[in-house]
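[1] Fold the stuff below for me.
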Amino acid sequence: GQPKYSDLAITLCLTLRVVYGLALRQTQGLMRSVAALMEFDIAVPDFSTLSRRSKGLALPSTKSRATTSGPVHLVVDSTGLKVFGEGEWLESKHTIKVKRKRWRKLHIGLDLASGEIVCADLITDDVGDPTALPGLLDQIDGPVAKFIADGAYDGAPTRDLLETRFGEIVEIIIPPPKTAVESPQSAFNPTVRDRHIAEIENKGRMAWQKSTGYNQRSRVETQMGRWKTVIGPKLKARNFDNQKTEAKIGVHVLNRMTELGRPEFRRVV
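    Predicted coordinates for the structure are as follows:
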């Protein structure tokens, strides 16, 4: 049959669920209480409807300030989010040791200028960071002038992908591992990675981080801390498609908070 509730109504309920860390039944009760206090005679989605409609929910599009204010300075990182399932129930109720915890990996891309999350994706924990990168870049419409990531993204596939998507002018700042060696053609035609390796050997890794701006990667680590404080360190949804919707709503929530205002830091002399 035809859906009884609009996508906007479902999104509103699920957003409040994410913000307040509620279960689906609690979300249903909250919305019914709000409707009663406002003396609105309207139907409220029940918990099973919220769960069913969450799969593949089309969220309202919001134009990011980052994509309209010039090239993006993109910094990418990932973190693990815990998934509660049968194993955790057995462990808490019957003290049965679970062999392996269940996790999802959340990837986010932060624009350094606006502070907004411009791309995000939730994947399973067996997918590597470079493999998830194309899906993140597909979400960015405008150009990218700078790309910063940790050593997990080091390698020719990542650099080739970035140059193909955004041209050779994109500045790629990825720390090479301690065992990295320069390429055979570094003497007459050094690559960016070769120059990074040489600078680290001559000046040290900390000096390289300061000169290249790699230390700005701490901004996305702070955003991860915001996520686990505001949204939470675990996913409530059980189905993977519903978990992806939950992660997308979390991105909208943090971006809305960023849009309301950010602190400005100024050096006092």
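
[2] Hmm, residue 117 and residue 255 touching each other?
    Yes: here residue 255 reaches residue 117: they are 5.7 Å apart, a contact under Cβ atoms under 8 Å. All C-beta atoms are positioned from the backbone trio N, CA, C, and that covers glycine.

[3] Neighbour count for these two, which is higher?
    Applying other Cβ atoms under 10 Å to residue 255 and residue 117 shows that residue 117 carries more neighbours, namely 23 against 20.

[4] roughly how far apart are that one and residue 7?
    Computed with Cβ to Cβ, to the nearest Å, the distance linking residue 117 and residue 7 is 21 Å.

[5] report the longest strand in this protein, please.
    The longest strand of the chain (DSSP state E) is strand 72-83.

[6] Against which helices or strands is it packed?
    strand 103-111, strand 117-124, helix 129-137, strand 144-148, helix 218-226, strand 234-235 (3 or more Cβ pairs under 8 Å, 6 or more residues apart in numbering; DSSP states H and E).

[7] helices or strands up against the first one?
    In this case it means strand 103-111. Contact partners of strand 103-111 among helices and strands, from 3+ Cβ pairs under 8 Å, 6+ apart: strand 72-83, strand 117-124, helix 129-137, helix 218-226, helix 240-260.

[8] in the second one, what's buried?
    What that stands for is strand 117-124. Residues 117, 118, 119, 120, 121, 122, 123 are the ones in strand 117-124 that count as buried (16 or more other Cβ atoms under 10 Å).

[9] Which members of the residues you listed define the maximum pairwise distance?
    Pairwise distances across the buried residues of strand 117-124 peak at 17.6 Å for 118 and 123 (criterion: Cβ to Cβ).

[10] any weak-confidence spans in the protein?
    Within the chain, the segments meeting pLDDT under 70 span 1-2, 61-69, 84-101.

[11] hmm, what's the outermost residue in it?
    residue 188 (39.5 Å; Cα atoms, centre = their mean).

[12] How about the contacts made by the residue most central in space within the chain?
    In the chain, the residue lying closest to the centroid (Cα atoms, centre = their mean) is residue 108, at 2.3 Å. Neighbour list for residue 108: 76, 77, 78, 117, 119, 120, 220, 223, 224, 227, 251 [criterion: Cβ atoms under 8 Å, 6 or more residues apart in numbering].

[13] Good, we can wrap up now.
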